[in-house]
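Peer 1: This is a predicted model, with the sequence first.
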Amino acid sequence: QVQLVESGGGSVQAGGSLRLSCAASGSAFTGYTMAWFRQAPGKEREFVTSIKWGSGRIYYADSVKGRFTISRDNAEKLVYLQMNSLKPEDTAVYFCAADPSAGLFTTSEKMFDYWGQGTQVTVSS
């Protein structure tokens, strides 16, 4: 059974940085797309970024391009989200997601079968 566990959330002032981690288990994840989504209070869950487990190809939402970096450690089965130049509008619960069939450019949460529990990121102005 695939399990995803996020960590690394917290509170930071605008302009600061945080690194989130997603520990993945239960599969070799070959061919999987791994992604980060976020959900702010009162808003729908939105796509942030994705990475192909095998090739390492990456895709970012325009709202985080140039500020956030996704990466993965295949050996340790970890996916990271380095967030720099954080803004108050980045405040949300951040979720790690995975799916063997989703494409790199899949941005709909409905296409991802596996989810972590989420980790809170709060950016104050």
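Peer 2: Cool, the structure landed. Numbering: from 1, shown residues only.
Peer 1: For the residue nearest the centre of the chain, which non-adjacent residue is closest in space?
Peer 2: In the chain, the residue lying closest to the centroid (C-alpha atoms, centre = their mean) is residue 36, at 2.0 Å. The shortest distance from residue 36 to any non-neighbouring residue, by C-beta to C-beta, 6 or more residues apart in numbering, is to residue 48 (4.3 Å). Quick note: C-beta positions are derived from backbone N, CA and C, even for glycine.
Peer 1: Now do the same contact list for residue 25.
Peer 2: 2, 3, 77 (C-beta atoms under 8 Å, 6 or more residues apart in numbering).
Peer 1: Out of these, who's the most crowded?
Peer 2: residue 77 (18 neighbours; other C-beta atoms under 10 Å).
Peer 1: Contacts only, for that one.
Peer 2: Residue 77 is in contact with 23, 24, 25, 29, counting by C-beta under 8 Å, 6+ apart.
Peer 1: Spatially, which two of these are the most separated?
Peer 2: 23 and 29 (11.8 Å; C-beta to C-beta).
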